[in-house]
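**Student:** Give me a model of this one.
(4 chains)
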There are 2 protein chains.
Amino acid sequence: MKPFARNTVKVSTPRKPAPATAEHAPLQLERFLPYRLSILSNTISQAIADDYQRRYDISVTEWRVMAVLARFEGLSAREVAERTAMDKVAVSRALARLVEAGRVSRVTHDDDKRRSVLGLTEAGWTMHDEVAPMARAREREVLAKLDAEERAWLNRILDKLQPIER
Amino acid sequence: MKPFARNTVKVSTPRKPAPATAEHAPLQLERFLPYRLSILSNTISQAIADDYQRRYDISVTEWRVMAVLARFEGLSAREVAERTAMDKVAVSRALARLVEAGRVSRVTHDDDKRRSVLGLTEAGWTMHDEVAPMARAREREVLAKLDAEERAWLNRILDKLQPIER
DNA sequence: TGCAAATGGTTTCATATGTAACTATAACGG
DNA sequence: CCGTTATAGTTACATATGAAACCATTTGCA
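**Tutor:** Okay, the predicted model is just below:
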């Protein structure tokens, strides 16, 4: 494999597949499931996050923590970690910021002083009630690209690829 | 003390949805598309990356750059960025490591000295030829959870949600 | 021409994230 | 009981990542 492309021809806009394709069987990235999922996931998450990140100075991880606390009252940090699929360090940090910002309340558990008991504050609820509808609206926008049948299949497929635990 | 006389509510294992649910309409995270995609994407990417990261000391972004260079010879950094959907800083850094490691060759373009002309080296190809089949195998494992019909729908859905440009 | 604007790419800095170590408390086994 | 082990959570450190500033070169056009 000599780099004979040294000087000559059309180096300018090399759109052609590499010659070695046949022998090397390179990955077709844009057809590769993990890659596609990663792009799609980032695109969508970012679009939604843009909506609230600037406005409320909150990160995706913090928002997820809040979303979980909106549904389940009095969770411990570990339980939040479970439900958000984040690791406990990430949760700890998100909580630090959220408590600091006055959006989450934290007291220590009566019977187990290691645990904390978490919940949204007034301010937390207020923000939640503004962000949640935005997030849902964005989700609808994305799903609007699909028809009902496709949406059904998507759900089914996601369920199979990743069984929701609990 | 009397375990009975717990005056506070039962903070012990709060599995019940928060009482405020009705008025606040909290997000059901585990049914929320962006969240599910993010989890799924991370799970899968991580599983695959684990295969080669340790073994070759290479990151996902570096691998993606290599995969693109395996298919398209002589790309510039900017073109790599386009095709990997990474930003140019990330590409620049990945390339620095790859060139350093002797896996990618870089020369400056003859007609435009700003550009670089990139390609895999011998060592790069060797590694590529070991990693690519692994990645494909992993993808197959994931897709094996679906039947043929579901796989077809998945493809169709991904195409609609995220048209492949170019 | 010549000079402002655009482009390819790298560097810098601030922030995010993951791993491992650490602190405090609780549970367990003899 | 008492010492070991496990668990909840935080801190420290090292690495990754993104935005903006930056350098070099090329392009557009008066």
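
**Student:** where exactly do the strands run in chain A?
**Tutor:** A:104-108, A:116-120 (DSSP state E).

**Student:** what's the closest of those to chain B?
**Tutor:** The minimum distance between chain B and the strands of chain A falls on strand A:116-120, with 5.2 Å, by C-beta to the nearest C-beta. Any C-beta I mention is one placed from the backbone N, CA and C, and that applies to glycine too.

**Student:** Counting by contacts, list what the closest one packs against.
**Tutor:** helix A:60-71, helix A:77-84, strand A:104-108 (3 or more C-beta pairs under 8 Å, 6 or more residues apart in numbering or on different chains; DSSP states H and E).

**Student:** any idea which residue sits dead centre in chain A?
**Tutor:** A:Ser45 (5.5 Å; C-alpha atoms, centre = their mean).

**Student:** Leaving out sequence neighbours, find the closest residue to that residue.
**Tutor:** B:Pro34 (4.9 Å; C-beta to C-beta, 6 or more residues apart in numbering or on different chains).

**Student:** contacting residues for the one you found?
**Tutor:** A:41, A:44-45, A:48, A:135, A:138-139, A:142 (C-beta atoms under 8 Å, 6 or more residues apart in numbering or on different chains).

**Student:** So of these, which two are at opposite extremes in space?
**Tutor:** Put simply, by C-beta to C-beta the two of the contacts of B:Pro34 set farthest apart are A:Ser41 and A:Ala135, 14.8 Å from each other.

**Student:** Neighbour count: these two, which is higher?
**Tutor:** Shown here are A:Ser41 and A:Ala135; by other C-beta atoms under 10 Å in any protein chain shown, A:Ser41 has more neighbours (22 against 19).

**Student:** From what I see, that one and B:Ser41 are in contact.
**Tutor:** Yes. With contact defined as C-beta atoms under 8 Å, A:Ser41 counts as touching B:Ser41 (4.2 Å).

**Student:** how many other residues sit next to the closest residue to DNA strand C within chain A?
**Tutor:** Distance from DNA strand C to each residue of chain A (C-beta to the nearest atom of the strand) is smallest for A:Lys113, at 3.4 Å. The number of residues packed near A:Lys113 is 8, by other C-beta under 10 Å.

**Student:** likewise A:Leu146?
**Tutor:** For A:Leu146, using other C-beta under 10 Å, the count is 16.

**Student:** now the helices for chain A?
**Tutor:** A:21-24, A:33-56, A:60-71, A:77-84, A:88-100, A:122-143, A:148-161 (DSSP state H).

**Student:** Looking at those helices, which is nearest to B:Ser92?
**Tutor:** Closest of the helices of chain A to B:Ser92 is helix A:33-56, at 19.2 Å (criterion: C-beta to C-beta).

**Student:** can you tell me the average pLDDT over the closest one?
**Tutor:** Mean pLDDT, computed over helix A:33-56, is 89.

**Student:** One more: stretch A:92-99?
**Tutor:** Across stretch A:92-99, pLDDT averages out at 97.

**Student:** Keeping just the C-alphas, turn that stretch into CSV.
**Tutor:** This file holds the C-alpha atoms of stretch A:92-99, laid out as CSV (Å, rounded to 0.1, in the frame of the first residue of the first chain):
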residue,chain,number,x,y,z
SER,A,92,-24.4,13.5,43.5
ARG,A,93,-23.1,16.4,41.4
ALA,A,94,-26.4,17.1,39.8
LEU,A,95,-28.0,17.1,43.3
ALA,A,96,-25.4,19.5,44.6
ARG,A,97,-26.2,22.0,41.9
LEU,A,98,-30.0,21.5,42.2
VAL,A,99,-30.0,21.9,46.0
